[in-house]
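In: Just a sequence and a predicted model for now, questions to come.
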Amino acid sequence: MLKIKLIRQGKRNSPTYRVVVQEAKQKATGRTVANLGFFIPKEGNKQDFTVNKEAYSKWIKLGATPTSSVLDLISGKYAYSKYNPKAKTADKSLETKKDGES
């Protein structure tokens, strides 16, 4: 089964992503079938996303399924936010497990 997904590249604090067609169970560092474009996330609305729409539609017709992140990028719903390790986020699934265990 083929998937259209993002593969991370770039430096440690400056990621870039390639949009590729790859086997679903293939590692991200593994062999790709086709390279469709790239995505460079930046803060704000200055994101750089380029994809070959003709090749993308060709692979969709051939049965490749895009991941949710690729679908968000193509539809324009994706909003990049820089990771902040010091920010406190509440994971509700962990809270329910703690309550249920007591």
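Out: Yep, it's here.
In: now the closest residue to Pro15 other than its chain neighbours: how far from Lys61?
Out: Spatially, and ignoring its direct neighbours in sequence, Pro15 is nearest to Arg8 (5.6 Å; Cβ to Cβ, 6 or more residues apart in numbering). For glycine as for every other residue, the C-beta is placed from the backbone atoms N, C-alpha and C. Distance, Arg8 to Lys61, by Cβ to Cβ, to the nearest Å: 27 Å.
In: Between those two, which is the more surrounded one?
Out: Comparing Arg8 with Lys61 by other Cβ atoms under 10 Å, the one with more neighbours is Arg8, at 11 against 8.
In: just the helices in this structure please.
Out: With DSSP state H as the definition, the chain shows helices at residue ranges 53-61, 68-75, 92-101.
In: which stretch in these has the least confidence?
Out: Mean pLDDT is lowest for helix 92-101 among the helices of the chain, at a mean of 54.
In: Who is Thr16 paired with across the strands?
Out: The residues listed as beta-bridge partners of Thr16 by DSSP bridges are Gln9.
In: Return the residues in contact with Gln47.
Out: For Gln47, the contacting residues are Phe39, Ile40, Pro41, Tyr78, Tyr80, by Cβ atoms under 8 Å, 6 or more residues apart in numbering.
In: Measure how buried the nearest residue to Lys3 once chain neighbours are set aside is and give me the count.
Out: Closest residue in space to Lys3, ignoring its immediate chain neighbours: Ala24 at 4.7 Å, by Cβ to Cβ, 6+ apart. The number of residues packed around Ala24, counting by other Cβ under 10 Å, is 11.
In: Spatially central residue in this protein, please.
Out: The centre of the chain sits closest to Ser69, judged by Cα atoms, centre = their mean, with a distance of 4.1 Å.
In: residue ranges with poor pLDDT in this protein?
Out: Within the chain, the stretches falling below the threshold (pLDDT under 70) are 43-46, 79-82, 89-102.
In: change it to 50
Out: Across the chain, the ranges flagged by pLDDT under 50 are 102.
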